[in-house]
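Trainee: based on what follows, work out the 3D shape:
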Amino acid sequence: MKAKTLAISATLLSQIYALESQNVETHELERVTVSANKGAQIGLSSLPLELQSRQISIVSKDTLLEKISLGGAQTALESVPSVLYSRSGGVNGQISVRGQNSNNGYTLIMIDGVPFTGRSTLDFNVLDVNQFDSIEVIRGSAGSLYGNYGINGLINFRSRKSNYNLGGKDFKATARLRSLEYQSVNNGVAGRAEILGGGGGWDLLVGVSGRIGGDYLTPIQEGGKYLKAKNSNYNAFNLDFNVGYTTKSNTRYYAQGRYSSIESHRAGGGAGVSAAPGSSYGIYVSEIPLREYYLRLGALKKNLSFANSMDIYAYIRHWDTDIWNYRSNSTYGASKTNIQQQVYNNNIAGFKIIFDSTAGKHSLGYGVEIVSAINPRGTRQIFHNGNGTNATGSVNIAARPSTNTDFALFVKDDWKVFDRWILSGAIRGDYFLSTVGKERMSSENSNPTNSTQAALTKQLDDNDILHSGAITGSLGSVWFITDYISNVINLSHNFKDSYSYRYSVSAGNPPTMINPTLHPEYSQTAELGFRVHTDNHYASLVGFFTYYHDKIALGATYFDSILQTNARKYQNIGKAYIAGAELEGRHSFLDSMIELGYVLAYNYGMDISNHKPIAYIAPLYGNLTVKFNFDRVYFGIVQRFYADKWRIDNTQERRSKGYMMSDIYAGLKLGAFKHNMKDMELIFGVSNLFNTIGRNPVVFEEIKASYSITNPLVEPARNFTLKYVWKY
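Mentor: Next up is the predicted model:
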């Protein structure tokens with residue numbers, strides 16, 4: 001039974017996720033693990049996916065390359081249950097995972113296992129899906145594995161690594177065009193080129209990618225012309241590398257790096273700074289520019305005396321941006337002041353060591369992690385007149401300098417109790433050390449005799465060094481009822497530190513202000529489901545329930561006596577819960593000639609303390625994909641649907657109508673006509689085929705303003721895409 005189950009698992013994964021590779025050893029590894037790099041695998045386990053109790057989905061490299069819809073990495077994730085794109089521009093926006101927006105810190109974003117944190121509103125904007133081999137998603141708690149911000153899920157982008165000439169005696173290199181595309185809805189063009197090298201122990205990949213697009217057309221017409229979502233344009237440039245050297249003792253020393261520069265614009269939607277009604281009301285929010293630098297150095301050692309492998313690495317990430325909030329032509333609200341928010345000198349540094357070992361029937365993963373967020377400058381705001389001059393003649397210090405360091409220990413165990421039963425347990429301990437600088441905010445200095453202001457300053461001065469910590473854990477079970485049907489159970493206790501919310505500010509309308517009295521948030525999640533898996537079929541039905549204590553959320557608008565303006569701040573709203581169900585399936589017929597895939601998700605959220613629904617939860621949505629594969633061509637049809645949203649928090653959102661959108665695409669395999677064009681394809685697709693007017697139920701809006709193209713933001717109109725891709 002044991003051998004048979006593992007054989008079925010390996011075959012199933014190769015059928016479902018189609019993880020192809022030119023290198024045999026890498027191919028075998030990808031078949032039986034979540035990620036090709038054990039130090040980066042999000043499950044911290046070498047078991048096949050269907051033997052793990054967590055709900056893990058993989059967006060394969062083929063799916064990423066065949067993506068035809070307008071948007072960044074967020075659109076590729078909508079093929080995963082309980083994941084939705086909260087759009088705020090052409091590539092701008094966040095995602096919602098199990099009813100919670102990534103801007104609110106409930107989903108941990110990672111690249112190769114490294115936290116991609118800092119500015120959650122902007123993180124996705126700098127990611128080009130063509131520079132990744134796959135996207136791995138944990139739906140549900142990941143806190144016991146990765147700590148803070150993993151309450152509702154985790155998304156890991158797995159970088160590409162060269163397989164060219166691996167094992168060769170001498171080093172060789174080649175240049176290849178990975179992708180080139182055009183999108184009609186915004187006259188957008190994008191592409192990626194790579195230099196691949198290998199041999200003599202080396203592997204080398206250097207990639208350059210770019211993306212540019214104008215304001216996109218919407219399905220809404222006026223005078224016989226389709227209207228544009230103004231301020232939805234973007235341009236982006238990315239440079240990345242992944243180089244390694246493997247010794248004869250099977251140790252790989254590696255370096256990874258990335259530079260990104262992007263100008264992105266928010267037509268509307270979005271959280272925080274862009275929650276105002278958007279460009280339809282003359283409010284233009286942009287990042288001009290957002291620049292990011294990233295470097296990681298590490299070593300992967302296999303076959304140690306006490307462990308199967310060890311991955312040790314250190315990294316640093318630096319980013320800067322100017323967030324512009326142009327209001328000189330605003331038709332909403334009295335303010336005509338343009339706000340420049342300088343978010344400079346943001347640094348994330350970290351160190352991690354992970355061991356993977358086997359002890360009898362136990363498969364263990366354990367290690368140490370240190371992550372430090374350092375902002376020695378604090379956010380600045382400059383208020384400009386319509387002519388571009390400084391309205392006040394000074395720079396407003398909107399946040400004090402600060403640091404936050406997380407010290408963590410973690411261990412994960414997969415125990416094969418019997419051939420049909422696997423128990424999984426994980427525990428993690430986090431200790432947070434936070435510091436607040438002495439440089440005061442401008443609001444503290446504007447009127448020091450004000451009693452409220454003096455109390456706030458004293459609070460910050462008295463709490464300049466803060467300590468917090470938590471123990472998180474999980475317990476899971478996979479029981480094979482038959483060879484092909486299994487029951488899964490997962491229980492977890494989770495934690496979210498309040499540091500980044502205590503001192504967060506924004507230039508939005510209204511602005512968000514600091515709240516130094518904010519407490520950490522805790523939650524518990526229970527999951528129960530069943531899976532069916534054979535050589536050609538996979539289906540999963542899972543129900544979940546997450547209960548939150550001291551839930552952190554933006555509170556209602558109030559009058560700030562210090563700044564003499566309306567403002568909002570993060571507060572502990574008390575108790576809440578989100579429950580739901582997820583259906584996912586992939587099926588292959590007639591020797592993979594026909595492939596069928598589907599996802600369906602239902603979410604229900606309640607703010608118990610305030611007796612009202614949690615805002616911006618999509619109640620029911622899903623998609624259905626049918627793909628036909630032939631020797632020289634393939635065809636695909638995708639049907640997306642979103643049900644009516646009628647359970648709402650009427651202080652933040654309005655009811656929305658459901659809608660359906662259809663996408664079609666076809667691929668021509670150029671290698672079928674010419675051998676030296678192997679794995680090259682031409683793809684033609686049409687998204688939103690019937691020009692449906694749709695507003696995603698998780699997109700933010702300003703309910704005091706009337707409906708418009710950007711309030712809430714309308715999805716793009718019919719879009720024709722032409723792509724060249726090389727699936728090497």
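
Trainee: when you work out contacts or count neighbours from here on, use the C-alpha atoms and nothing else.
Mentor: Will do.

Trainee: isn't Gly167 right next to Gly201, touching?
Mentor: Yes: judged on CA atoms under 8 Å, Gly167 makes contact with Gly201 at a distance of 6.9 Å.

Trainee: so which residues of the stretch 201-350 of the chain form strands?
Mentor: 202-213, 217-222, 225-228, 234-246, 251-266, 284-302, 309-326, 338-359 (DSSP state E, counting those that start in this stretch).

Trainee: now swap in the stretch 351-500 of the chain and tell me
Mentor: With DSSP E, counting those that start in this stretch as the criterion, the stretch 351-500 of the chain has strands spanning 362-375, 380-384, 396-397, 402-418, 421-436, 465-480, 485-496.

Trainee: residues near Tyr616, how many?
Mentor: Neighbour count for Tyr616, taken as other CA atoms under 10 Å: 25.

Trainee: wait, it sits on Val699?
Mentor: Yes: contact criterion CA under 8 Å: Tyr616 and Val699 qualify, at 7.1 Å.

Trainee: so Gly167 and Gly201 - more neighbours on which side?
Mentor: Applying other CA under 10 Å to Gly167 and Gly201 shows that Gly201 carries more neighbours, namely 19 against 16.

Trainee: that one and Thr247 touch, don't they?
Mentor: Yes: the pair Gly201 and Thr247 passes the contact test of CA under 8 Å, sitting 6.5 Å apart.

Trainee: Asn536 and Asn238, how far apart?
Mentor: Distance, Asn536 to Asn238, using CA to CA, to the nearest Å: 38 Å.

Trainee: same question for Val59.
Mentor: On the measure of CA to CA, Val59 and Asn238 end up 21 Å apart.

Trainee: go on, Gly153?
Mentor: 27 Å.

Trainee: who has more neighbours out of those two?
Mentor: Legend: neighbour count by other CA under 10 Å for Gly153 and Asn238, higher for Gly153 (25 against 21).

Trainee: for Asn676, helix, strand, or coil?
Mentor: Using DSSP: H, G, I helix; E, B strand; the rest coil, the structure places Asn676 in helix.

Trainee: list the contacts for it?
Mentor: Contacts were defined as CA atoms under 8 Å, 6 or more residues apart in numbering; by that measure Asn676 touches no other residue.

Trainee: what sits against the closest residue to Ser357 other than its chain neighbours?
Mentor: Ranked by CA to CA, 6 or more residues apart in numbering and with sequence neighbours excluded, the top spatial neighbour of Ser357 is Ala307, at 4.4 Å. By CA under 8 Å, 6+ apart, the contact set of Ala307 is 355-358.

Trainee: farthest pair in these?
Mentor: Pairwise distances among those were taken by CA to CA; the largest, 10.2 Å, belongs to Phe355 and Thr358.

Trainee: find residues that contact each of these two.
Mentor: Joint contacts of Phe355 and Thr358 (CA under 8 Å, 6+ apart) are 307-308, 364.

Trainee: take the strands of the stretch 201-350 of the chain and write them to a markdown table, including distance to Arg87 and mean pLDDT.
Mentor: Listed next are the strands of the stretch 201-350 of the chain as a markdown table, based on distance: least, CA to CA, whole Å; pLDDT from 0 to 100:
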| stretch | distance to Arg87 | mean pLDDT |
| --- | --- | --- |
| strand 202-213 | 15 | 97 |
| strand 217-222 | 13 | 97 |
| strand 225-228 | 15 | 97 |
| strand 234-246 | 14 | 96 |
| strand 251-266 | 9 | 95 |
| strand 284-302 | 14 | 94 |
| strand 309-326 | 18 | 94 |
| strand 338-359 | 22 | 93 |
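
Trainee: of those strands, give the one that comes closest to Thr174.
Mentor: With distances scored as CA to CA, the stretch of the strands of the stretch 201-350 of the chain nearest to Thr174 is strand 202-213 (9.9 Å).

Trainee: what's the angle from that closest one to strand 251-266?
Mentor: Computed by axes from the mean of the first three to the mean of the last three CA atoms, to 10 degrees, the angle separating strand 202-213 from strand 251-266 equals 0 degrees.

Trainee: and strand 202-213, what other elements does it pack with?
Mentor: If contacts are counted by 3 or more CA pairs under 8 Å, 6 or more residues apart in numbering; DSSP states H and E, strand 202-213 sits against strand 188-199, strand 234-246.

Trainee: can you put those strands in a markdown table and add distance to Ser279?
Mentor: Converted to a markdown table, those look like this (distance: least, CA to CA, whole Å):
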| stretch | distance to Ser279 |
| --- | --- |
| strand 188-199 | 20 |
| strand 234-246 | 15 |
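
Trainee: closest one to Arg98 among those strands?
Mentor: Nearest to Arg98, of all the helices and strands packed on strand 202-213, is strand 234-246, at 28.4 Å by CA to CA.

Trainee: next, Glu527: phi, psi?
Mentor: phi -130, psi 140 (degrees, to the nearest 10).

Trainee: got the contact list for the nearest residue to it once chain neighbours are set aside?
Mentor: Spatial nearest neighbour of Glu527, excluding adjacent residues (CA to CA, 6+ apart): Phe544 at 4.4 Å. Shown in contact with Phe544 (CA under 8 Å, 6+ apart): 525-528, 579-581.

Trainee: so which of these belong to helices?
Mentor: Per DSSP state H, helices hold no members of those.

Trainee: looking at the residues you listed, which one is closest to His587?
Mentor: Ala581 (20.2 Å).

Trainee: can you name the residues bridging to that closest one?
Mentor: Beta-bridge pairing of Ala581, defined through DSSP bridges, involves Gly543, Tyr602.

Trainee: what's the answer for Ile465, then?
Mentor: With DSSP bridges as the criterion, Ile465 is bridged to Thr435.

Trainee: so what's it up against?
Mentor: By CA under 8 Å, 6+ apart, the contact list for Ile465 reads 433-436.

Trainee: from Thr403, how far off is it?
Mentor: Taken as CA to CA, the span from Ile465 to Thr403 is 10 Å.

Trainee: give me the common contacts of these two.
Mentor: With CA under 8 Å, 6+ apart, Ile465 and Thr403 have common neighbours 434-436.

Trainee: tabulate these in JSON lines, adding columns for neighbour count.
Mentor: Output for the shared contacts of Ile465 and Thr403, formatted as JSON lines (neighbours: other CA atoms under 10 Å):
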{"residue": "Ser434", "neighbour count": "21"}
{"residue": "Thr435", "neighbour count": "18"}
{"residue": "Val436", "neighbour count": "22"}
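
Trainee: output those residues as a markdown table; include the columns distance to Lys612 and pLDDT.
Mentor: Output for the shared contacts of Ile465 and Thr403, formatted as a markdown table (distance: CA to CA, whole Å; pLDDT from 0 to 100):
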| residue | distance to Lys612 | pLDDT |
| --- | --- | --- |
| Ser434 | 34 | 89 |
| Thr435 | 36 | 90 |
| Val436 | 35 | 86 |
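
Trainee: of all these, which comes closest to Lys458?
Mentor: Ranked by distance to Lys458 (CA to CA), the shared contacts of Ile465 and Thr403 are led by Val436 at 12.3 Å.

Trainee: wait, isn't the closest one in contact with Ala399?
Mentor: No: counting by CA under 8 Å, Val436 stays clear of Ala399, with 9.7 Å between them.

Trainee: contact partners for the spatially closest residue to Leu44 that is not a sequence neighbour?
Mentor: Nearest residue to Leu44, sequence neighbours excluded (CA to CA, 6+ apart): Gly365, at 5.8 Å. Gly365 sits next to 44-45, 354-357, 411-413 when contact means CA under 8 Å, 6+ apart.

Trainee: mind putting these into a markdown table with neighbour count?
Mentor: Shown next, in a markdown table, are the contacts of Gly365 (neighbours: other CA under 10 Å):
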| residue | neighbour count |
| --- | --- |
| Leu44 | 26 |
| Ser45 | 25 |
| Ile354 | 21 |
| Phe355 | 24 |
| Asp356 | 25 |
| Ser357 | 21 |
| Val411 | 21 |
| Lys412 | 25 |
| Asp413 | 21 |
